[in-house]
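>>> Fold the following for me, if possible:
(one chain, ligands or ions: 1)
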Amino acid sequence: MSVRLDSLTQYAPGTSRKLLDDISLTVEDGAFIALVGPSGAGKTTLLRAIAGLGGRQEGALHVDGLPLAGRPMRDRRIGFVFQNYALFRHMTVARNIAFGLDVLPRRDRPDRASIAARVTELLDLIQLPTLGGAYPDQLSGGQRQRVALARALATRPGLLLLDEPFGALDPIVRRQIRRWLRDLHDQLGLTTILVTHDHEEALDVADRLVVMQDGRIVQDADAETLDAAPATPFVMEFLGEALAFPGRIAQGWFHPDDANVLPLSTTAADGPASALVRPHEVRLVEGRGTAAATPLKGRQHGLRRFHVALGQRDVEILAPAEQADAPGPVALDIARARIFRDGTRLAFG
Ligand SMILES: Nc1ncnc2c1ncn2[C@@H]1O[C@H](COP(=O)(O)OP(=O)(O)OP(=O)(O)O)[C@@H](O)[C@H]1O
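Residues are numbered from 1 along each chain as shown. This is a model prediction of the structure:
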């Protein structure tokens, strides 16, 4: 199922405060996208709006090319899994999964045998074929989360909306279950929108990340584009550690204020600017500069962390371990930096 939002603005109840501000978003049929951003960015509000649970709104929401408003709930084909998956504790796993079918009006409800068959099919799908008779308290967190997904899938939704579904799980189970979810999405031909504050989770599982801040979409792109061309310093910093070097562009060169950081060539116009670079993209250059680089203990992805005293300030970078043998004065090469001015990336930076 496809989703299209055109300039959707939503207000806090009874006020003129915008919770969602001019959101335009297209999610193609079969896509898996992640809504990411800091706490309070509006991710949950947007997910609920897509489910048709918004408050006072302007703009348009189309699902499969038709306005969602006014369509009866049972025709919407939307499955929702909330943050606290809240299974019914007094019901067995099978009853929990069947719940969405059991509560359908009589004329839409499948007969008992069909519901039982559907539950068996879903128990197989979530790889818990023998646990239909168990109660939620007897399951692990990861198993409960899979049951919550099965419950959402019981009515055969085309669109799956997930709000921080893995929040309560430990990192290893979390990684396993998101791979499993991605496989399930592909296998069932779903369209999935996942809210997470964890950018690594989003990068791992989604085709596209929609980065939100203050009720707006700051950038909507795949992982490669977000890394190579982040729209704002916020996007760059949200998606991983970044070092910022303020400076000026003059006649085709960005000159960092730190004398121990090498200039880099750019075609952007003259004026103040700021270069942001990931710690592992910085290179130590011997024989230039007067900075002191000291290796620190520990490794990260085979790289070593160095403390670099630039003079006015200190930074930490990640470099190949061989550079530990090069303690002489150094300069920093930040040729891979993205350059920003007034909060946006300079296209030729
Ligand atoms: N019903 C409401 N009335 C007033 N303000 C609201 C309402 N619902 C949400 N908000 C506000 O809207 C903003 C966005 O909230 P939302 O829960 O969508 O953010 P989020 O990005 O999902 O955050 P988190 O990661 O913490 O869940 C917050 O400032 C929140 O206080």
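>>> Verify the stated contact: residue 163 with residue 81.
Yes. Counting by Cβ atoms under 8 Å, residue 81 is a contact partner of residue 163 at 6.9 Å. Quick note: C-beta positions are derived from backbone N, CA and C, even for glycine.
>>> Can you classify the nearest residue to residue 196 once chain neighbours are set aside as helix, strand or coil?
Setting aside the residues directly before and after it, residue 196 is nearest to residue 202 in space (Cβ to Cβ, 6 or more residues apart in numbering), at 5.4 Å. Three-state assignment for residue 202 (DSSP: H, G, I helix; E, B strand; the rest coil): helix.
>>> Work out the gap between the longest strand along the chain and the centre of the chain.
Across the chain, the longest stretch assigned as strand under DSSP state E is strand 283-300. Chain-centre distance of strand 283-300: 33 Å, with Cα atoms, centre = their mean, to the nearest Å.
>>> what does the stretch 201-349 of the chain put close to the ligand?
Within the stretch 201-349 of the chain, no position is adjacent to the ligand by Cβ under 6 Å from any ligand atom.
>>> where does the stretch 201-349 of the chain dip in pLDDT?
323-327, 348-349 (pLDDT under 70).
>>> Residue ranges of each domain in the protein, please.
According to automatic domain parsing, the chain comprises the domains 3-231, 241-348.
>>> For the ones you listed, give me TSV that also has mean neighbour count.
What follows is the domains of the chain, written out as TSV (neighbours: other Cβ atoms under 10 Å):
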stretch	mean neighbour count
domain 3-231	17
domain 241-348	16
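>>> can you map out the helices along the stretch 1-150 of the chain?
For the stretch 1-150 of the chain, helices defined by DSSP state H, counting those that start in this stretch occupy the ranges 43-50, 93-102, 112-125, 141-153.
>>> The ligand is nearest to which of the ones you listed?
When the helices of the stretch 1-150 of the chain are compared by Cβ to the nearest ligand atom, helix 43-50 sits nearest the ligand, at 3.3 Å.
>>> Check which helices and strands the closest one sits against.
Applying 3 or more Cβ pairs under 8 Å, 6 or more residues apart in numbering; DSSP states H and E, we find helix 43-50 packed against strand 3-11, strand 18-27, strand 32-36, strand 57-63, strand 159-163, strand 191-195.
>>> Confirm residue 185 sits in a strand?
No. Counting by three-state DSSP, residue 185 is located in no strand; its state is helix.
>>> wait, doesn't it sit right on residue 160?
Yes. Counting by Cβ under 8 Å, residue 185 touches residue 160, with 7.3 Å between them.
>>> Report the set of residues contacting both of these two.
Shared contacts of residue 185 and residue 160 (Cβ atoms under 8 Å, 6 or more residues apart in numbering): residue 192.
>>> Give me the local confidence score for the residue of the stretch 151-300 of the chain found nearest the ligand.
Closest approach between the stretch 151-300 of the chain and the ligand, counting by Cβ to the nearest ligand atom: residue 197, at 4.8 Å. Per-residue pLDDT puts residue 197 at 87.
>>> That one is in contact with residue 37, isn't it?
Yes. Taking contacts as Cβ under 8 Å, residue 197 lies within contact range of residue 37: 7.3 Å.
>>> quick one: common contacting residues for those two?
Residues within reach of residue 197 and of residue 37 at once, by Cβ under 8 Å, 6+ apart, are residue 43.
>>> how would you label the residue of the stretch 151-300 of the chain closest to the ligand: helix, strand or coil?
coil.
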